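Trainee: Fold the stuff below for me.
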Amino acid sequence: MARRGWRDLDGPKPLSAALDKVTGRLTVADAGSLTALVDRWEELVGTELAAGSTPTKVLEGTVTVACGDALTATSLKLAWRSIGIRATELGLDLPGVLEAVIRTQRAPQ
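Mentor: Sure thing, here's the model as predicted:
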């Protein structure tokens with residue numbers, strides 16, 4: 001088997017091949033879950049938590065939420081089980097979304 005190194009390039013590759021590889025990891029369910037989550041985020045977590053946080057990704061059973069501060073991140077972590085129950089009550093189809101990965105960073109305004 002020939003070893004491929006930086007000197008052994010076959011020339012330019014179409015960008016579409018790389019994009020297909022990256023987007024192939026996303027599923028329609030993940031994209032739909034994120035859209036539903038963003039659309040109903042304030043209703044789901046409440047005005048105060050929604051003001052300091054934004055869901056940014058749903059992928060492979062994990063929700064990533066950007067938070068403006070550590071207090072909001074901690075509050076979401078502590079309330080995550082209740083948020084999941086509330087999502088079910090609101091009819092949000094979030095199967096497999098079991099936990100949040102909270103990143104403390106400035107939430108988009």
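Trainee: So Val58 sits against Leu34, correct?
Mentor: Yes: between Val58 and Leu34 there is a contact at 4.4 Å, judged by C-beta atoms under 8 Å. Using the backbone N, CA and C atoms, a C-beta is placed for each residue, glycine as well.
Trainee: quick one: which of the two has more around it?
Mentor: Val58 (24 against 20; other C-beta atoms under 10 Å).
Trainee: what stretches of the chain score poorly on pLDDT?
Mentor: Along the chain, segments meeting pLDDT under 70 span 1-11, 13-31, 93-101, 103-109.
Trainee: One more pass at 90, please.
Mentor: 1-37, 54-74, 76-88, 90-109 (pLDDT under 90).
Trainee: Just the helices from it, written as ranges.
Mentor: 15-23, 28-39, 41-45, 47-51, 70-89 (DSSP state H).
Trainee: now those in a markdown table, with distance to Val63?
Mentor: What follows is these, written out as a markdown table (distance: least, C-beta to C-beta, whole Å):
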| stretch | distance to Val63 |
| --- | --- |
| helix 15-23 | 19 |
| helix 28-39 | 7 |
| helix 41-45 | 11 |
| helix 47-51 | 13 |
| helix 70-89 | 9 |
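Trainee: Single out the most deeply packed of those.
Mentor: Highest mean neighbour count among the helices of the chain (mean count of other C-beta atoms under 10 Å): helix 41-45, with a mean of 18.
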